[in-house]
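Student: Compute the structure for the input listed below.
(4 chains)
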There are 2 protein chains.
Amino acid sequence: MTTQLKHKIPTDFSKTTFYKIDQLSIYIHNLAKNFFELRGVDITHDEFAALNFILNNPNICQRDLAKLLLRDRVRTGRIITSLEEKGYVNRVNNTKKNRLVRTLSITKSGKKLYDEQFSIMSQVMDKILEKFPEQKMVELMDTLLQLETALSEVVEFNI
Amino acid sequence: MTTQLKHKIPTDFSKTTFYKIDQLSIYIHNLAKNFFELRGVDITHDEFAALNFILNNPNICQRDLAKLLLRDRVRTGRIITSLEEKGYVNRVNNTKKNRLVRTLSITKSGKKLYDEQFSIMSQVMDKILEKFPEQKMVELMDTLLQLETALSEVVEFNI
DNA sequence: TAATACATGTTGCATTTGTAACAAAAATAT
DNA sequence: ATATTTTTGTTACAAATGCAACATGTATTA
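Tutor: Now for the predicted structure:
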């Protein structure tokens, strides 16, 4: 499999676009971890994302949530169990395509925690990004979404 | 802490720039995992990155490698131990600022594996990115590097 | 000179994650 | 009607990771 090179390929793995994104993700994870710890909030990055998806997709089932989180069914089950234990979500028996599934709904305290933390988190993120021209951030997001589309065509998750 | 908003803040955590980067990272991890598995190469993403850093920074010590990898000293130690067991790197007693440290060097088979795998990996990555205008990729990388600088100013690693 | 801090790396153990296998029930194919 | 596949979610166990504590020795401070 050969391709015609359109730009100079880096010879240094650490300077590739993909590795750079991976490293940024490590920063972002640490930022989130510190953010929640500083605020004394017992929740992980994955759990917070799950809250977001459940809030915006009422009655979503575990497997569909796993697909949104890009995590497998087992890990997603643990995330849900943890959120349920903390009183942020409820598991509800439901049906999907006539099949019995257990769907998820966010609780009042779950929504309250999400709204409060995301409000402040937005300020933190905005503070970090305010030095960038707005247009640059819009273009970045556009490129990230296109990258996601491209990657989703070649990467398959066993979910 | 309040900041003047310059652009519309998303109300959806999953649509923030930081979360998008995090999700792309999950794709990238799976891509790398599949890549090495498909090629029957027993190496992890972290280990491959470590090989790269050791190749480009001969005689680097464990702690400095940890800083480059953005991983803590314990995890980096495990990565090095695994690479040593596979015969890809050597631990060497050395001195740094008159202090006894164990520095790292890549072996012939380590360099061979890196060169071979990175050569093909580059083609895979280029194939995915070839649909993007070159200038867009250059701008993306530029923005990622600036983001990294911004994040490194607010996120501290305990290394 | 002595005390303290820092740098480098390891150890031990608890927690988290990955993975295969399993269970139950519906959907699909024969 | 029966067999097979698919979907959804859980269980069990091995492997990986996180974290605090520790060890050793140099550098810095008092």
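
Student: going forward, measure contacts between C-alpha atoms and count neighbours the same way
Tutor: Fine.

Student: List the contacts of the residue in chain A positioned nearest to DNA strand D.
Tutor: Nearest residue of chain A to DNA strand D: A:Q62, at 3.2 Å (CA to the nearest atom of the strand). A:Q62 is in contact with A:73, A:76-77, A:80, A:102-104, counting by CA atoms under 8 Å, 6 or more residues apart in numbering or on different chains.

Student: can you check A:D42 too?
Tutor: A:F36.

Student: how would you label it: helix, strand or coil?
Tutor: coil (DSSP: H, G, I helix; E, B strand; the rest coil).

Student: Can you pull the phi/psi pair for it?
Tutor: In terms of degrees, to the nearest 10, the main-chain angles of A:D42 are phi -90, psi 80.

Student: can you pull the pLDDT of it?
Tutor: What the model reports for A:D42 is a pLDDT of 95.

Student: With A:L140 instead?
Tutor: pLDDT, read off for A:L140, is 97.

Student: Tally up the residues packed near it, please.
Tutor: 19 (other CA atoms under 10 Å in any protein chain shown).

Student: Quick check: chain neighbours aside, which residue is closest to it?
Tutor: B:L140 (6.6 Å; CA to CA, 6 or more residues apart in numbering or on different chains).

Student: Surely that neighbour touches A:D142?
Tutor: No: if you go by CA atoms under 8 Å, B:L140 and A:D142 don't touch, sitting 10.3 Å apart.

Student: what's the neighbour count on the residue lying closest to A:C61 once chain neighbours are set aside?
Tutor: Closest residue to A:C61 apart from its sequence neighbours, by CA to CA, 6+ apart: A:T103 at 4.3 Å. Using other CA under 10 Å, A:T103 has 21 neighbouring residues.

Student: A strand includes A:T103, no?
Tutor: Yes: counting by three-state DSSP, A:T103 is part of a strand.

Student: got a list of what it touches?
Tutor: A:59-62, A:91-94.

Student: Closest to B:L38 out of those?
Tutor: Proximity of the contacts of A:T103 to B:L38 (CA to CA) peaks at A:Q62, which lies at 29.3 Å.

Student: if I look at the closest one, how far off is B:L70?
Tutor: 32 Å (CA to CA, to the nearest Å).

Student: One more: A:G40?
Tutor: On the measure of CA to CA, A:G40 and B:L70 end up 24 Å apart.

Student: Then the residue nearest to A:L140 would be within a helix, right?
Tutor: Yes: judged by three-state DSSP, B:L140 forms part of a helix.

Student: Can you find the helix or strand of chain A with the lowest average pLDDT?
Tutor: strand A:89-96 (a mean of 86; mean pLDDT, DSSP states H and E).

Student: any idea how far A:Q62 is from A:T81?
Tutor: Where A:Q62 is concerned, A:T81 sits at a distance of 11 Å (CA to CA).

Student: ugh, wrong one, I meant A:G87
Tutor: In terms of CA to CA, A:G87 sits 17 Å off from A:Q62.

Student: for A:V74, phi and psi?
Tutor: Given degrees, to the nearest 10, the pair of backbone angles that A:V74 has is phi -70, psi -50.

Student: of A:G40 and B:L70, who's got more company?
Tutor: Applying other CA under 10 Å to A:G40 and B:L70 shows that B:L70 carries more neighbours, namely 18 against 9.
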